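J.: Quick one: sequence and predicted model below, then my questions.
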Amino acid sequence: MSSCFAYYVIYISILTTIYQFTCIIYFYIQISRMGCVWGKLREGVYSKEPQPASY
């Protein structure tokens with residue numbers, strides 16, 4: 001009984017670790033993708049705007 005419980009605890013801990021890792025990777029990919037989109041949007045906005053001569 002105790003050995004089964006130990007295996008269960010190890011299994012759950014491994015699962016939670018993998019889950020947290022995949023969540024972190026997923027959020028990192030989403031944030032980097034958003035950063036790329038924001039960068040392109042800002043470039044498009046700034047390129048459309050007429051640049052002031054004092055720049």
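T.: Cool, got the structure. Note that the coordinates shown come from a computational prediction; the quantities given were computed from them, not determined experimentally. Numbering: from 1, shown residues only.

J.: Now do the helices in the protein.
T.: All helices of the chain, identified by DSSP state H, fall at 2-48.

J.: any weak-confidence spans in it?
T.: Where the chain drops to pLDDT under 70, the residues are 1, 46-55.

J.: one more time with 80, if that's ok
T.: 1-2, 35-36, 38-39, 42-55 (pLDDT under 80).

J.: OK, contacts around residue 5?
T.: Not one residue lies near residue 5 by Cβ atoms under 8 Å, 6 or more residues apart in numbering. The way it works is simple: take the backbone N, C-alpha and C, and place the C-beta from them, glycine included.

J.: what's the distance between it and residue 21?
T.: To residue 21, residue 5 is 25 Å away according to Cβ to Cβ, to the nearest Å.

J.: before we move on, what about residue 35?
T.: From residue 35 to residue 21 the distance is 21 Å (Cβ to Cβ).

J.: cool, and residue 41?
T.: Counting by Cβ to Cβ, the gap from residue 41 to residue 21 is 30 Å.

J.: same question, residue 40
T.: 29 Å.

J.: now do residue 4
T.: 26 Å.

J.: Also residue 12?
T.: 15 Å.
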